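Engineer: take this sequence and fold it.
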Amino acid sequence: EDLYHALFGPRFTDELARRGWTVDDPETRYGIRSREWIHRVGTPLADGAPDVAALSITAAERALEDAGISGSSIDVVLAATSTPARITSSLAARVGAALECSGACLDLRAGGTGGLAAWITATRMLGGGARRALVVAAKASSFYLGVDEPAIAAVYGDGAGALILQLDPGCESGLV
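Structural biologist: Predicted coordinates for the structure are as follows:
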């Protein structure tokens, strides 16, 4: 209900009926139970509002905390997004700087599969000499969605996840 109220206003039930939709359509059609936005779809961007970089940095900090390591121990940061905060600058470099990482920082822009591409790239870098890699995948779709496409807005949310991969030189198999 919150989603449709944000998209259609207080009389959202009338609009849902007009479209032949129900409140639970995102869950029954797509399996989506909840979504979060850092920006309210259809409203002007607020100064100082969080963006995909803020989401990415938070996810990366939590991954480092869970692993019990510091950003300075990361050899390579890979950031995947198709919704960058700035088109002409590196998301990975912003994440690396926030974590005090002096390793290589690379962006991957591969749409919905960007996180997987970053993960695969990180494994190749571990095979090539890096000891630890941080992979961050993030989206902030709310910055790009419009109220004129509510079905799309109902499906896309904002979020980020991060993982750390570490080389185990004694392991004879592939990824574990």
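
Engineer: what about the one residue sitting closest to the centre of the chain, distance to residue 87?
Structural biologist: The residue lying closest to the centre of the chain (C-alpha atoms, centre = their mean) is residue 138, at 1.3 Å. Residue 138 is 15 Å from residue 87, where distance means C-beta to C-beta, to the nearest Å. In short, each C-beta sits where N, CA and C put it, glycine included.

Engineer: likewise for residue 47?
Structural biologist: 19 Å.

Engineer: ditto for residue 26
Structural biologist: Going from residue 26 to residue 87 by C-beta to C-beta gives 29 Å.

Engineer: out of the two, which sits in the busier spot?
Structural biologist: residue 26 (20 against 6; other C-beta atoms under 10 Å).

Engineer: could you pull out the strands for this protein?
Structural biologist: 76-80, 104-108, 132-140, 158-166 (DSSP state E).

Engineer: out of those, the one nearest residue 12 is which?
Structural biologist: The minimum distance between residue 12 and the strands of the chain falls on strand 158-166, with 20.8 Å, by C-beta to C-beta.

Engineer: output the contacting helices and strands for the helix or strand of the chain with the lowest mean pLDDT.
Structural biologist: Ranked by mean pLDDT, DSSP states H and E, the weakest helix or strand in the chain is helix 150-155, scoring a mean of 77. If you count contacts as 3 or more C-beta pairs under 8 Å, 6 or more residues apart in numbering; DSSP states H and E, helix 150-155 packs onto helix 2-8, helix 25-30.

Engineer: which of those sits most buried?
Structural biologist: helix 2-8 (a mean of 17; mean count of other C-beta atoms under 10 Å).

Engineer: name the residues that touch the top helix by length along the chain?
Structural biologist: In the chain, with assignment by DSSP state H, the single longest helix is helix 52-67. Contacts with helix 52-67, where a contact means C-beta atoms under 8 Å, 6 or more residues apart in numbering, come from 38, 70-71, 74, 77, 79, 81, 83-85, 91, 94-95, 98-99, 134, 136, 138-140, 143, 158-164.
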